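Visitor: sequence first, predicted model second:
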Amino acid sequence: MNDPYAKLAELGLTLPEVVPPVAAYVPAVQSGKQVYVSGQLPIAEGKLLATGKVGAGVSPEQAKDLAERCALNAIAAIDSLVGLENVVKVVKVTGFVASAEGFTGQPGVINGASEFFGAVFGEAGQHARSAVGVAELPLGAPVEVEVIVEVA
(Lines give C-alpha, C1' and ligand atoms only; values in the text may rest on other atoms or scores of the structure.)
Protein backbone atom coordinates (compact mmCIF):
# COMPACT_ATOMS: atom_id res chain seq x y z
CA MET A 1 0.00 0.00 0.00
CA ASN A 2 1.12 3.53 -0.78
CA ASP A 3 2.48 5.57 2.16
CA PRO A 4 1.49 9.21 1.53
CA TYR A 5 3.88 10.50 4.19
CA ALA A 6 6.80 8.71 2.49
CA LYS A 7 5.70 10.07 -0.88
CA LEU A 8 5.64 13.62 0.50
CA ALA A 9 9.16 13.09 1.89
CA GLU A 10 10.33 11.75 -1.50
CA LEU A 11 8.96 14.93 -3.07
CA GLY A 12 10.91 16.98 -0.53
CA LEU A 13 7.73 18.27 1.09
CA THR A 14 6.44 18.49 4.63
CA LEU A 15 2.85 19.11 5.58
CA PRO A 16 2.18 22.77 6.27
CA GLU A 17 -0.01 24.06 9.07
CA VAL A 18 -3.69 23.96 8.17
CA VAL A 19 -4.65 27.25 6.55
CA PRO A 20 -7.13 29.05 8.83
CA PRO A 21 -10.51 29.77 7.23
CA VAL A 22 -10.97 33.23 5.74
CA ALA A 23 -14.71 33.23 6.58
CA ALA A 24 -17.34 31.22 8.48
CA TYR A 25 -16.45 27.59 7.71
CA VAL A 26 -14.03 24.85 8.78
CA PRO A 27 -11.13 23.54 6.68
CA ALA A 28 -12.56 20.00 6.44
CA VAL A 29 -15.45 17.96 7.72
CA GLN A 30 -16.08 14.23 7.81
CA SER A 31 -19.47 12.71 7.02
CA GLY A 32 -19.50 8.94 7.12
CA LYS A 33 -16.57 7.71 5.04
CA GLN A 34 -16.18 10.98 3.16
CA VAL A 35 -14.03 13.97 4.02
CA TYR A 36 -15.03 17.21 2.34
CA VAL A 37 -12.24 19.78 2.18
CA SER A 38 -13.21 23.42 1.84
CA GLY A 39 -11.74 25.36 -1.05
CA GLN A 40 -8.03 25.83 -0.46
CA LEU A 41 -6.11 28.84 -1.72
CA PRO A 42 -2.39 28.91 -2.59
CA ILE A 43 -1.32 30.13 0.83
CA ALA A 44 2.07 29.42 2.40
CA GLU A 45 3.17 30.63 5.83
CA GLY A 46 0.05 32.75 6.12
CA LYS A 47 0.53 34.57 2.82
CA LEU A 48 -1.21 34.27 -0.52
CA LEU A 49 1.52 33.30 -3.00
CA ALA A 50 0.05 35.28 -5.91
CA THR A 51 -2.92 37.37 -6.93
CA GLY A 52 -4.45 38.08 -10.29
CA LYS A 53 -6.01 36.33 -13.22
CA VAL A 54 -4.59 33.46 -15.16
CA GLY A 55 -3.86 34.57 -18.69
CA ALA A 56 -3.26 38.19 -17.61
CA GLY A 57 -0.53 38.63 -15.03
CA VAL A 58 -0.41 35.02 -13.85
CA SER A 59 0.96 32.51 -16.33
CA PRO A 60 -0.68 29.10 -16.77
CA GLU A 61 2.56 27.48 -15.59
CA GLN A 62 2.64 29.58 -12.41
CA ALA A 63 -1.05 28.86 -11.84
CA LYS A 64 -0.39 25.11 -12.20
CA ASP A 65 2.22 25.38 -9.43
CA LEU A 66 -0.25 27.35 -7.31
CA ALA A 67 -2.87 24.63 -7.83
CA GLU A 68 -0.34 22.13 -6.49
CA ARG A 69 0.06 24.30 -3.39
CA CYS A 70 -3.72 24.31 -2.98
CA ALA A 71 -3.63 20.50 -3.09
CA LEU A 72 -0.87 20.39 -0.47
CA ASN A 73 -2.99 22.61 1.77
CA ALA A 74 -5.96 20.29 1.21
CA ILE A 75 -3.83 17.30 2.21
CA ALA A 76 -2.82 19.13 5.39
CA ALA A 77 -6.50 19.68 6.23
CA ILE A 78 -7.25 15.99 5.63
CA ASP A 79 -4.31 14.91 7.75
CA SER A 80 -5.34 17.14 10.65
CA LEU A 81 -8.85 15.67 10.64
CA VAL A 82 -8.36 11.94 9.97
CA GLY A 83 -4.69 11.25 9.12
CA LEU A 84 -3.45 10.61 5.59
CA GLU A 85 -2.98 6.92 6.34
CA ASN A 86 -6.78 6.63 6.40
CA VAL A 87 -7.32 7.97 2.87
CA VAL A 88 -8.71 5.19 0.68
CA LYS A 89 -9.45 7.22 -2.45
CA VAL A 90 -9.40 10.77 -3.76
CA VAL A 91 -12.95 10.88 -5.11
CA LYS A 92 -13.51 14.33 -6.60
CA VAL A 93 -11.44 17.44 -7.18
CA THR A 94 -12.98 20.76 -8.13
CA GLY A 95 -10.66 23.50 -9.27
CA PHE A 96 -11.54 27.13 -9.81
CA VAL A 97 -9.35 29.36 -11.96
CA ALA A 98 -9.69 33.15 -11.93
CA SER A 99 -9.48 33.56 -15.68
CA ALA A 100 -8.72 36.49 -17.92
CA GLU A 101 -11.17 36.99 -20.76
CA GLY A 102 -10.51 34.39 -23.43
CA PHE A 103 -8.40 32.09 -21.22
CA THR A 104 -9.54 28.49 -21.74
CA GLY A 105 -6.69 26.51 -20.20
CA GLN A 106 -8.37 25.75 -16.87
CA PRO A 107 -7.87 21.95 -17.17
CA GLY A 108 -4.10 22.37 -17.56
CA VAL A 109 -3.94 24.64 -14.52
CA ILE A 110 -5.85 22.22 -12.31
CA ASN A 111 -3.58 19.39 -13.49
CA GLY A 112 -1.20 20.83 -10.89
CA ALA A 113 -3.54 19.57 -8.17
CA SER A 114 -4.54 16.35 -9.94
CA GLU A 115 -0.96 15.30 -10.67
CA PHE A 116 0.00 16.09 -7.07
CA PHE A 117 -2.76 13.89 -5.65
CA GLY A 118 -1.57 11.11 -7.97
CA ALA A 119 2.04 11.55 -6.85
CA VAL A 120 1.10 11.39 -3.17
CA PHE A 121 -1.62 8.71 -3.21
CA GLY A 122 -0.68 6.66 -6.28
CA GLU A 123 -3.61 4.86 -7.90
CA ALA A 124 -5.86 5.99 -5.02
CA GLY A 125 -5.19 9.55 -6.17
CA GLN A 126 -7.01 9.09 -9.49
CA HIS A 127 -10.25 11.04 -9.29
CA ALA A 128 -13.20 12.65 -11.02
CA ARG A 129 -12.72 16.37 -11.59
CA SER A 130 -14.10 19.70 -12.69
CA ALA A 131 -11.97 22.68 -13.74
CA VAL A 132 -14.00 25.87 -13.81
CA GLY A 133 -13.10 29.36 -14.99
CA VAL A 134 -14.43 32.13 -12.76
CA ALA A 135 -14.30 35.93 -12.72
CA GLU A 136 -12.91 36.33 -9.19
CA LEU A 137 -11.76 34.23 -6.25
CA PRO A 138 -11.38 35.08 -2.55
CA LEU A 139 -8.54 37.49 -1.72
CA GLY A 140 -7.78 37.86 -5.44
CA ALA A 141 -6.31 34.34 -5.63
CA PRO A 142 -5.69 32.93 -9.10
CA VAL A 143 -6.75 29.38 -8.15
CA GLU A 144 -8.75 27.49 -5.54
CA VAL A 145 -9.08 23.74 -5.10
CA GLU A 146 -11.57 21.66 -3.13
CA VAL A 147 -11.49 17.90 -2.72
CA ILE A 148 -13.56 14.99 -1.47
CA VAL A 149 -11.79 11.87 -0.24
CA GLU A 150 -13.00 8.51 0.98
CA VAL A 151 -11.49 7.31 4.24
CA ALA A 152 -11.32 3.96 6.01
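Guide: Yep, that arrived. If you're wondering where the values come from, they're calculated on a predicted model, not measured in any experiment. Numbering: from 1, shown residues only.
Visitor: grab the longest strand from the protein for me.
Guide: With DSSP state E applied, the strand covering the greatest number of residues in the chain is identified as strand 87-98.
Visitor: other SSEs contacting that strand?
Guide: Taking 3 or more C-beta pairs under 8 Å, 6 or more residues apart in numbering; DSSP states H and E as the contact definition, the neighbouring helices and strands of strand 87-98 are strand 34-40, strand 53-54, helix 60-82, helix 106-121, strand 128-134, strand 143-151. Bear in mind the C-beta positions are built from the backbone N, C-alpha and C, glycine included.
Visitor: out of the ones you listed, which is closest to residue 2?
Guide: helix 106-121 (6.0 Å; C-beta to C-beta).
Visitor: that closest one packs against which elements?
Guide: Counting contacts by 3+ C-beta pairs under 8 Å, 6+ apart, helix 106-121 packs against helix 4-10, helix 60-82, strand 87-98, strand 128-134, strand 143-151.
Visitor: what are the buried residues along the fourth one?
Guide: When neighbours are counted by 16 or more other C-beta atoms under 10 Å, the buried residues of strand 128-134 are found to be 129, 131, 133.
Visitor: adding distance to residue 147 and pLDDT, write those out as TSV.
Guide: TSV is the format used below for these (distance: C-beta to C-beta, whole Å; pLDDT from 0 to 100):
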residue	distance to residue 147	pLDDT
129	10	98
131	13	98
133	19	98
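Visitor: residue 101: which of those residues is nearest?
Guide: Out of the buried residues of strand 128-134, the one with the shortest distance to residue 101 is residue 133. That distance is 9.9 Å, counting by C-beta to C-beta.
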